[in-house]
Each structure stands twice: as C-alpha cells, then as structure tokens.
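**Student:** Here's a sequence, model it:
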Amino acid sequence: MSWQRPPTRVGVVGCGTIAYWTHLRVLARLRDVTLVAAADPDPAARERARGACRATLFASTDEMLAGAELDAVVLCPPTGSLAGAALAACRRGLPFYVEKPLAATAADARAVLAAARDAGVAAAVGFNRRHHPVHLRARALLASGRIGRVRTVLSAFCEPAPTLPAWKRRRASGGGALLDLGAHHVDLVRWMLGDEIVAAGARLESGASEHDSAWLEARTQGGVEVRGAFSFASGPADWLTFLGDGGTLHVDRFRCALEVRAARRFGYGLRRVQLAPRPANAGWRLRRLVRPSLDPSYERALAAFVAEVRDGVPRGARLDDGARALAVLLAAEEAAAGGRLVAVEDVADARAAGD
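**Tutor:** Have a look, this model is predicted:
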C-alpha cells in the first residue's frame, strides 16, 4: 500500500487587495495545499475573502494561530504589520512566507531575522518577480555575457492608484512608492546582476499622498550605476533596461517580453538580437491569450514556498534578501534630505541603536 503525504495546511494573514486577488485564490487551487484559515481585523475584508476561499476566517493573527491547525502561514498584511505577524509565526514555530519588503524599519527587520533563526523555521520573502519567466530568462542572458559587462541599469515601476488604502498613504505605516514598489526592483537588480548595492540616494515627492513618487539613484559594489522611478501617480509601467558594453537588454513585465539590442555588424546603428523561444514557456504564454493580465510569478513563488515546507529545500528569496533590499531603501530615504548618496548599512549585521 502506498502512503500519500497529506496536504500542507496553510493560513493567510491579511485579506487586503493583493491577498484577495492573488494569495487566497492561488493557495485555494495549488496541489498538495489546503487553505485552512485567513485573518484580517477588517470585517469588510473578511467578508470579501469569503468569496475567494472556503477558509475559516478570524479577526486577528493570534486568534488564527491559536484556533487553526496549520503547517505554514503566508503573511500579507500592511507593511507596518509584517514584522509583528512574522514574529507571531516564529513563536508558533511555523514556516512563513512574508510579503516584501519584510518590514518598515531596520529594527523590525532585525527582530524577524533573529526570531526566525532562533525558532529554526523556514522563511521566504515574497519577491515573486524572481519566478517570472521573463526575469529568469533575462538573468540567464546577463550571466551568459550576452550584452557584455553591465554599466547602467534604468528602471520604472509605476502603479497609478487614484485611491490608496490609509496605510499606503503614510510612510510611518509602511506606505510610499519607494518602499512599496521600489523594493521589487532593488531586489531584481541584486539578483539579476549577482551584485550588491552599496550606496543609494533618492528624491521623494508627496502629491496626493506621502512619498507617492520617488526617484532612486544607486551604485553597486561592481560599479554599476542604477536609476529608478517609482510612482503611484504615473504609469502603468514595470520595466528594467540593462546597458552593457556589448548591447542592451530590456525587460518589460507588463508586455511579458524581453529584447536584446546590439551594434549592427555592418554600418552604424542597432540590430535586434533574435532569441529562440523556450518551449517551457509556451504554456503560460497561451494562457495569456485568454487572460492578458496573467502574471505567473505569484503562483510559482507560493508553490515554491509550499514545496520548501514539504521537502526542506530552500527556494526563492530569503529573509536576508528582504533585509538587504530594505537597507538600500532606508539608505535612499536617509539621503533624500541631503541630496547625496548614503552608504547602505547591512540590516542583518547593524548594531546601531535607533532606525
């Protein structure tokens, strides 16, 4: 008689927009997963979540952790509450997947790192873009030297939002475009280049809400210059362009496309480098014909986390990745007032009091 392992029982903390449209629905259809419970202090959010899943709903994280039999938790409350939810998971000894950017302050990030280490639990950060097929392909092309040595990275991530939840309108509660949107591109630059950002600066602008537009300037240890634009007032856009000494690579998430340009073999100008399609990507591209807005990276990131819980093999971004991205953003915020680059302090190793 063959023995089949029971499904992984998962709970979700936070039933806001991203959880309603993505996390709850994805977890409800993943193989080897049972979505057991979800928690949110907002009655309206809980009521809306009933339409996306059949999980038992709780009014708080502590109630859910005490009242549900769980093997792992997915944490996607407002940014200012991420650290508290992660610490609660550590106290219960539960593996957790925490949405970026891990925390709103360096002190909270360090507390999560220490608690997870002491509890010995598996933990992943929701940098789901690492699992997107176009970003994976772009990373492989960069590693192969297709465009030579990268000298500059330009990027833009803009999500026009006429109305924002209250927590996203104030930096103190984890809002602002730099922290909310910039975290993704900071992580992608680190991951795709295999290089650390060592200095950062920013210009922040407050229009309809605090820091709803931001411009990032940064430099990596390997000497790559990075420029990024992030906004709730512009867009939509989500792209990165890598400028190398042998060509350029442009990656566009909304178009689900990448493009390599190089100097013409004869004469002046540029030519487009033909890239052979990957058969492994045919499935999701066909699905996009029916659902043009489909982003496979969320499902792949959550599936990777569940697989890690089941077999113990680390997958995806780690807590250290979240802490390092946060350190870059905090340095940029610090520099915004002075108009100069500030050295990035490693959140994981920092010992200075106060943040």
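**Student:** Show me the strands in the stretch 251-355 of the chain, by range?
**Tutor:** Ranges of strands within the stretch 251-355 of the chain are 257-263, 270-273, 342-343, based on DSSP state E, counting those that start in this stretch.
**Student:** Identify whichever of those lies nearest to residue 305.
**Tutor:** Closest to residue 305 of the strands of the stretch 251-355 of the chain is strand 257-263 (C-beta to C-beta; 25.6 Å). Where you see a C-beta, it was placed from the backbone N, CA and C, and this is true even at glycine.
**Student:** I'd like the strands of the stretch 251-355 of the chain laid out as JSON lines, including distance to residue 321, mean neighbour count and mean pLDDT.
**Tutor:** Converted to JSON lines, the strands of the stretch 251-355 of the chain look like this (distance: least, C-beta to C-beta, whole Å; neighbours: other C-beta atoms under 10 Å; pLDDT from 0 to 100):
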{"stretch": "strand 257-263", "distance to residue 321": "22", "mean neighbour count": "16", "mean pLDDT": "91"}
{"stretch": "strand 270-273", "distance to residue 321": "30", "mean neighbour count": "12", "mean pLDDT": "87"}
{"stretch": "strand 342-343", "distance to residue 321": "19", "mean neighbour count": "14", "mean pLDDT": "86"}
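**Student:** Give me the residue ranges of the stretch 251-355 of the chain where confidence is low.
**Tutor:** 279-286, 288-293, 339, 346-355 (pLDDT under 70).
**Student:** could you pull out the strands for the stretch 101-250 of the chain?
**Tutor:** Under DSSP E, counting those that start in this stretch, the stretch 101-250 of the chain gives strands at 123-125, 150-158, 197-205, 213-220, 225-231, 237-244, 247-252.
**Student:** Low-confidence regions, the stretch 101-250 of the chain specifically.
**Tutor:** Those would be none, if you go by pLDDT under 70 across the stretch 101-250 of the chain.
**Student:** Need the CA coordinates for the biggest helix by length in the chain. CSV is fine.
**Tutor:** Longest helix of the chain, by residue count under DSSP state H: helix 319-336. Taking Å, rounded to 0.1, in the frame of the first residue of the first chain, the C-alpha atoms of helix 319-336 are listed here in CSV:
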residue,chain,number,x,y,z
LEU,A,319,15.0,36.8,4.8
ASP,A,320,18.5,38.2,4.2
ASP,A,321,17.4,39.3,0.7
GLY,A,322,14.4,41.2,2.2
ALA,A,323,16.7,42.8,4.8
ARG,A,324,19.3,43.8,2.2
ALA,A,325,16.6,45.4,-0.1
LEU,A,326,15.2,47.2,2.9
ALA,A,327,18.6,48.5,3.9
VAL,A,328,19.0,50.0,0.4
LEU,A,329,15.6,51.7,0.6
LEU,A,330,16.3,53.1,4.1
ALA,A,331,19.7,54.5,2.9
ALA,A,332,17.9,56.2,0.0
GLU,A,333,15.4,57.7,2.3
GLU,A,334,18.1,59.0,4.6
ALA,A,335,19.9,60.5,1.6
ALA,A,336,16.8,62.2,0.2
